[in-house]
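Chemist: Just to be clear, the model below is a prediction. Sequence and coordinates:
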Amino acid sequence: MIFMAMSAALVAGLGGCIGPWFGATEVPPYKVEQITQNKNIVPFAIIGSGPAGYMAAVYGSRLGRKTWVVEGSKPGGLLTETSTVENWPGEVAIQGPDIMRKLRAQAEASGARFLQDTVIKLDTSKWPYIIELENAPPLYALSVLIATGATPRRKGVPGENEYWGSGVSSCAVCDAPFYKGDDVVVIGGGDSAVEEATQLAPYARSVTMLVRKDRMRAGQSTQEHLKGYRNISVRYNADVSAVLGDNASVTGVELTDPRTGKKSRLDTSGVFLAIGHDPNTEVFKGAIEMDNDGYIALRGRSQETSAPGVFAAGDVEDRVYRQASVAAGSGVRAALDANRFLTEIGLDSCATEKLKPSFFNGITRSLTPKGEVKKVASIAELEELFASTKGLIIADFFADFCGPCKQLMPTFESVAGELGDSALFVKIDVQQAADIADRYMVQRIPLLMAFEGGKVVARYAPVSQNGSLISRAELVQFVQGLLNEQSASEPAQRA
Ligand code: NDP
């Protein structure tokens with residue numbers, strides 16, 4: 001009770017320093033005085049930018065800890081691929097991307113800072129812990145929070161990878177509008193599968209849920225919800241054993257009845273996967289303990305992992321609840337745990353600056369200032385730009401309903417900030433500027449297109465076949481490659 005009151009006071013920004021954590025059972029083996037170098041030291045490094053990561057950033061910052069969030073290749077995480085959320089605290093209904101935008105803004109207002117980079121290794125054999133980044137020098141973290149979430153599972157059947165992005169998807173909210181009037185299927189019988197089906201229903205002619213057993217795993221009330229949709233049906237004992245197509249796009253699925261082994265074919269132009277998730281812990285293997293499925297193991301009732309001062313929160317450690325609000329709450333717990341840890345190693349939140357001021361001012365790479373990315377709303381505007389621009393124009397085609405587009409935008413803006421002197425970066429909303437999308441046959445978004453002298457010189461699909469988004473380094477490479485080729489007359493076809 002005493003601790004709760006004290007934490008509340010600190011979090012409310014009322015000031016005051018905290019002493020040792022009364023509940024601590026072990027004294028951490030580290031002391032701030034051990035630190036011998038003073039570059040890129042981060043008191044609290046958060047890896048991951050979902051609800052757990054951003055809420056931890058809010059608390060970490062408000063507790064007076066300099067907090068950095070390494071946002072990864074999908075800032076905002078899976079919620080940016082969700083549509084309406086009706087179970088987020090305090091909101092009757094809110095869009096998933098809006099939750100993440102608000103959380104990020106709250107973390108920023110609290111003082112957190114962000115790195116648009118991806119962690120490739122966490123070394124816990126030395127302290128400060130070394131966080132290796134894809135595009136920048138390593139960070140040396142006094143405490144770490146892993147909040148990298150989980151990734152939608154693949155089915156692993158023939159045709160799935162081949163038609164990924166050309167009929168196979170794991171994001172109905174992103175792709176549903178492309179299946180207007182079509183017959184589509186959803187693989188899976190859990191809550192996610194029901195959600196996917198209901199997102200597709202307003203667009204598709206029919207949605208067939210393919211459930212491999214004779215029952216669904218989704219909650220009863222969720223299943224009841226399905227009754228409100230006349231074009232959604234459920235087919236049981238239907239395991240997809242292959243995705244079929246005509247080399248260009250999906251035309252059907254092969255189904256196997258697990259009871260008899262009998263095969264059949266179902267015509268469809270869209271296959272949506274919703275068969276669960278795997279924790280994103282590959283890069284942390286060997287650094288901390290995990291269970292056999294890769295979920296991070298926690299110690300006791302805290303968010304602490306097997307390494308002192310390394311914490312985990314959200315879907316990366318939670319296979320049971322898997323709710324955004326639970327993830328956010330566990331991020332809060334982790335930040336409070338990290339705060340205690342930092343106090344115990346001698347980093348009094350009030351004395352941080354006095355202790356070793358230079359330690360915490362040395363991040364060598366901060367977020368590239370965001371470029372001004374102009375929005376082009378019509379063919380007429382684009383043609384004006386063609387007339388007034390000598391060099392390259394790089395366009396990002398997006399739409400508000402598209403989660404991956406929202407994930408790409410900060411990276412695009414950041415690269416625009418870096419290379420804006422060499423090329424003009426613009427964004428084009430395919431719903432607002434349908435004339436541009438029609439003329440350039442934009443059938444899938446996000447899509448990057450480069451123009452020079454009014455002609456298309458490159459198209460680039462920034463979401464790969466396995467669903468991962470182009471990294472910042474790859475985007476820089478793409479643009480720099482074009483800048484190098486600028487004088488070449490042959491157009492390059494990249495998508
Ligand atoms: P679940 O694990 O709950 O369901 C996975 C579904 O996919 C099951 O029907 C499972 O079938 C099926 N499946 C798994 N592997 C395969 C495979 N290889 N081939 C065919 N089918 C397969 O995952 P969800 O992602 O749906 O949900 C995860 C958690 O998130 C749950 O706790 C859920 O309640 C929660 N959630 C809550 C939401 C909300 O409240 N708004 C929305 C979405 C999720 P089988 O039963 O045969 O194993």
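Modeler: Looks like it came in fine. Quick caveat: nothing in here was measured; it's all calculated off a predicted structure.

Chemist: just the helices in the stretch 301-450 of the chain please.
Modeler: Using DSSP state H, counting those that start in this stretch, the helices assigned to the stretch 301-450 of the chain run over residues 324-344, 352-355, 379-388, 403-419, 434-439.

Chemist: Out of those, which gets nearest to the ligand?
Modeler: Closest approach to the ligand among the helices of the stretch 301-450 of the chain is made by helix 324-344 (8.9 Å; Cβ to the nearest ligand atom). The way it works is simple: take the backbone N, C-alpha and C, and place the C-beta from them, glycine included.

Chemist: Tell me which other helices or strands the closest one touches.
Modeler: Helix 324-344 sits against strand 41-47, helix 51-62, strand 139-146, strand 310-312, with contacts defined as 3 or more Cβ pairs under 8 Å, 6 or more residues apart in numbering; DSSP states H and E.

Chemist: Quick check: next helix or strand after the longest one?
Modeler: Note on helix 51-62: by DSSP states H and E, the next helix or strand toward the C-terminus is strand 67-70.

Chemist: Tell me the neighbouring strands of that following strand, and mark each as parallel or antiparallel.
Modeler: Under the criterion DSSP bridges, strand 67-70 sits next to strand 41-47 (parallel), strand 113-115 (parallel) in its sheet.

Chemist: do you know which of the ones you listed lies nearest residue 54?
Modeler: Minimum separation from residue 54 across the strands paired with strand 67-70 (Cβ to Cβ) falls at strand 41-47, 8.3 Å.

Chemist: what's the distance between that closest one and the middle of its chain?
Modeler: Distance of strand 41-47 from the chain centroid (Cα atoms, centre = their mean, to the nearest Å) equals 19 Å.

Chemist: pLDDT on that strand, on average?
Modeler: Averaging pLDDT along strand 41-47 yields 94.

Chemist: Okay, the residue most central in space within the chain and residue 438: tell me how far apart.
Modeler: Against the mean C-alpha coordinate of the chain, by Cα atoms, centre = their mean, the closest residue is residue 77 at 2.5 Å. Applying Cβ to Cβ, to the nearest Å, the value for residue 77 to residue 438 is 33 Å.

Chemist: What of residue 147?
Modeler: According to Cβ to Cβ, residue 147 stands 41 Å off from residue 438.

Chemist: Of these two, which one has the most company?
Modeler: Remark: of residue 147 and residue 438, residue 147 carries more neighbours, 33 against 11, as counted by other Cβ atoms under 10 Å.

Chemist: Help me confirm that the more buried one comes into contact with residue 57.
Modeler: No. At 9.4 Å, residue 147 does not count as touching residue 57 under the criterion of Cβ atoms under 8 Å.

Chemist: Quick check: neighbours shared by these two?
Modeler: Shared contacts of residue 147 and residue 57 (Cβ atoms under 8 Å, 6 or more residues apart in numbering): 46, 331.

Chemist: nearest residue to residue 480 other than its sequence neighbours?
Modeler: Closest residue to residue 480 apart from its sequence neighbours, by Cβ to Cβ, 6 or more residues apart in numbering: residue 419 at 7.4 Å.

Chemist: Mean confidence (pLDDT) on the helix or strand where residue 174 lies, please.
Modeler: For residue 174, the host element (DSSP H and E) is helix 172-175. Mean per-residue pLDDT for helix 172-175: 79.

Chemist: Could you name the helices and strands sitting against the next helix-or-strand element following it?
Modeler: Using DSSP H and E, the next helix or strand after helix 172-175 towards the C-terminus is strand 183-187. Here strand 183-187 touches helix 191-200, strand 206-210, strand 270-273, going by 3+ Cβ pairs under 8 Å, 6+ apart.

Chemist: what's the closest of the ones you listed to residue 50?
Modeler: helix 191-200 (15.6 Å).

Chemist: Run the angle between the closest one and strand 206-210 for me.
Modeler: 170 degrees (axes from the mean of the first three to the mean of the last three Cα atoms, to 10 degrees).

Chemist: Render the CA-only coordinates of helix 191-200 in PDB, please.
Modeler: Listed next in PDB are the C-alpha coordinates belonging to helix 191-200 (Å, rounded to 0.1, in the frame of the first residue of the first chain):
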ATOM      1  CA  ASP A 191     -11.100 -15.100 -31.800                       C
ATOM      2  CA  SER A 192      -8.700 -13.700 -34.300                       C
ATOM      3  CA  ALA A 193     -10.200 -15.700 -37.100                       C
ATOM      4  CA  VAL A 194     -13.700 -14.400 -36.200                       C
ATOM      5  CA  GLU A 195     -12.300 -10.900 -36.200                       C
ATOM      6  CA  GLU A 196     -10.700 -11.400 -39.600                       C
ATOM      7  CA  ALA A 197     -14.000 -12.800 -41.000                       C
ATOM      8  CA  THR A 198     -16.100  -9.900 -39.700                       C
ATOM      9  CA  GLN A 199     -13.600  -7.400 -41.200                       C
ATOM     10  CA  LEU A 200     -13.900  -9.100 -44.600                       C
END
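
Chemist: Spell out which parts of the stretch 101-250 of the chain neighbour the ligand.
Modeler: 155, 187-193, 195, 212-213, 217, 239 (Cβ under 6 Å from any ligand atom).

Chemist: try it again with 8 Å
Modeler: 152-153, 155-156, 187-195, 210-213, 215-219, 222, 239-240 (Cβ under 8 Å from any ligand atom).

Chemist: Quick check: residue 293 touching residue 277?
Modeler: No. Taking contacts as Cβ under 8 Å, residue 293 lies outside contact range of residue 277: 10.4 Å.

Chemist: Those two: which has the busier surroundings?
Modeler: For residue 293 versus residue 277, neighbours defined as other Cβ under 10 Å are more numerous around residue 277 (17 against 9).

Chemist: what sits up against the helix or strand where residue 104 lies?
Modeler: Following DSSP H and E, one finds residue 104 within helix 96-110. Here helix 96-110 makes contact (Cβ under 8 Å, 6+ apart) with 49-51, 54-55, 57-58, 61-62, 69, 75-77, 79-85, 88, 91, 114, 173, 324, 328, 403, 406.
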